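[1] sequence plus predicted model, see below.
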Amino acid sequence: MTRIFACHTGIGPIVTGKALVAADNFSARYDLDRIKGVFSRPQHLLFGQSYKDKVLVLNTAKGGVATAWMLNEMVAREVAPKALVLNSANTILAQGAAMANMTLVDRFVDGDITKLIKTGQIIRIDPKAGNIQITSSLSSAR
Amino acid sequence: MRLTDEEEAMLAGDMGPHVQWAIDHQINIGTFFDAADMVPVSQAHMMADPESCGDAGTAFMEDIARDKSKVVIPMITDPRGVDLSYYRPLGQTEEMASLERRFIIACEAIGIMMTNTCINYQTIMPPVFGDHVAYGDTGVVIYSNSVCGARSNFEGGPSALAAGLTGRTPRYGLHLEQNRTATRRYRVTTQPQELTDWGVLGAVIGRKAGSYWEVPVIEGLDHAPTSDEIKHFGAAMASYGSTPLFHIVGITPEAPTIEAVSGTGLLEEKITAADIAALRDSFAGHGDQLDVVVLAAPQLSLVEMHDAASYCAGRRLKKPLIVCTSPQVYGDATRMGFVATIEDAGGTVLQGTCFYNQYAREIGEANGWVNLLSNSAKIVNILGGYGYQPVLASMRDCIEAAIEGKMA
């Protein structure tokens, strides 16, 4: 069964991709090895996992301003997430997504999005419409 | 968003393709955050080290420079990633230096002043109360908002650049009075004594607040901090919480009373000695092994340079000590002999950079640095993801450790 979650109007194009979910926060500077394309901060719940071409589903931003340039740099080298889906973006993630033309949505009506989506599910994000759609169950996504 | 005639002309491309990019970028951000219009800003400050920008960001800047587009307000820069007078000994490559040189040439052509500092509020031109600005660097923003009473969101490099090109920014977040009132109320029960204590206190509050959209108000401090102390306090809070604004009742300008920031109805949360100890424990040493000592993040003020020099005077360091300061402070610190004193002890003083944005992973690998000691609660929070095992101690203990050659 397709499930749709409404959110605030977002940034970037419509995309579809596989979710990588954690109840943790995000900073490209603090958390990533951007050359290898993996989470490198030992304390991060996604430590060691690849983020390349994934839809990252996380809580909010952490730390500083570097992510605004870094998302653009990651997209240029094609070692980047496909989209960011957050409970709440800060200004830097929004600015970085706009610069990189990376899909970003936040502020969900139905509650904590990190609890509503599971890692491995395929989701379609429509920033202009302000919603995301789970297009496959966990089992069919494998 | 409601646009003025001038902004409509920018959007139509009448002022060139890069101003058109800038206003379009700002409309995109403004729409995302439900901004009604734009607000003029008096200054912009851009974070743009080459590790963050990469070739793509540098080429973007070169494209703007090639078209002879210029910033229309005073625009300054955050610390760079390569001190071009001292990079090979750090293990930085010619490729990194080349990217740095290209970026600087582009910035200068656009009319950006290469101040290369994250302590512009101590050294260049502090904003005044009510001043709308477009600042990058979280430490700069939180100090300017909280201590100076200026109005700024965190502006990442591209957005600070856009503000420099258009002279405005979308009116959302902390440009709106209703978003500056307190949302979390904390009572301090242990008084901070020196810089690292202030950093730890800021880190604990930032971690508890945990969101850009929370505004902490703090009570219980029995004395006003110095500029350096509140600098470390704010920089750490911004790092751990992505927090851009705090109030301290009776100290910061928007909070003469708890009522002034609408904090009376908020549940009071105590910052206990256990909270402080838990934060410190997460950056405690494991054994004696020490590879490098770093004093940075934020760049050191003249007073901090004086203190670092006094701890080094007549001593000999067994381990590398790297001190990062601004070009403005560096000149005075050289004239007053502080730089020579640190270097005579065997330390290294870098100007216009900050350790964590100097390709920290690559220089760590090049030098075999893993066990890093610093007095900055901010930098120890950042460097774990770069492959370091960071440990936190006071400035005096950091330098004593470099002298002894083992962890404090």
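    Okay, I see it.
[2] tell me the pLDDT of A:L138.
    Looking at A:L138, its pLDDT is 62.
[3] grab the nearest non-local neighbour of A:I125.
    Nearest residue to A:I125 in three dimensions, chain neighbours excluded: A:I132, at 4.8 Å (C-beta to C-beta, 6 or more residues apart in numbering or on different chains). Using the backbone N, CA and C atoms, a C-beta is placed for each residue, glycine as well.
[4] pull out the buried positions in the helix or strand containing the one you found.
    Per DSSP states H and E, A:I132 falls inside strand A:131-134. Buried residues in strand A:131-134, counted by 16 or more other C-beta atoms under 10 Å in any protein chain shown: A:N131, A:I132, A:I134.
[5] now stretch B:68-81
    For stretch B:68-81, by 16+ other C-beta under 10 Å, it's B:69-81.
[6] any chance of those residues in CSV with pLDDT as columns?
    What follows is these, written out as CSV (pLDDT from 0 to 100):
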residue, pLDDT
B:S69, 93
B:K70, 97
B:V71, 98
B:V72, 98
B:I73, 98
B:P74, 98
B:M75, 98
B:I76, 98
B:T77, 98
B:D78, 97
B:P79, 97
B:R80, 97
B:G81, 97
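[7] can you redo these as JSON lines with secondary structure and distance to chain A?
    Formatted as JSON lines, the buried residues of stretch B:68-81 follow (DSSP: H, G, I helix; E, B strand; the rest coil; distance: C-beta to the nearest C-beta, whole Å):
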{"residue": "B:S69", "secondary structure": "coil", "distance to chain A": "17"}
{"residue": "B:K70", "secondary structure": "coil", "distance to chain A": "20"}
{"residue": "B:V71", "secondary structure": "coil", "distance to chain A": "17"}
{"residue": "B:V72", "secondary structure": "coil", "distance to chain A": "19"}
{"residue": "B:I73", "secondary structure": "coil", "distance to chain A": "18"}
{"residue": "B:P74", "secondary structure": "coil", "distance to chain A": "19"}
{"residue": "B:M75", "secondary structure": "strand", "distance to chain A": "15"}
{"residue": "B:I76", "secondary structure": "strand", "distance to chain A": "14"}
{"residue": "B:T77", "secondary structure": "strand", "distance to chain A": "12"}
{"residue": "B:D78", "secondary structure": "coil", "distance to chain A": "8"}
{"residue": "B:P79", "secondary structure": "coil", "distance to chain A": "11"}
{"residue": "B:R80", "secondary structure": "strand", "distance to chain A": "13"}
{"residue": "B:G81", "secondary structure": "coil", "distance to chain A": "10"}
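[8] and the residue in chain A that chain B sits nearest to, how many neighbours?
    Residue of chain A nearest chain B, by C-beta to the nearest C-beta: A:A68 (2.2 Å). For A:A68, the count of nearby residues is 33 (other C-beta atoms under 10 Å in any protein chain shown).
[9] list phi and psi for it.
    phi -60, psi -40 (degrees, to the nearest 10).
[10] need the three-state assignment for the most centrally placed residue in chain A.
    By C-alpha atoms, centre = their mean, chain A has its centre lying nearest to A:L84, at 2.2 Å. Taken by DSSP: H, G, I helix; E, B strand; the rest coil, the conformation at A:L84 corresponds to strand.
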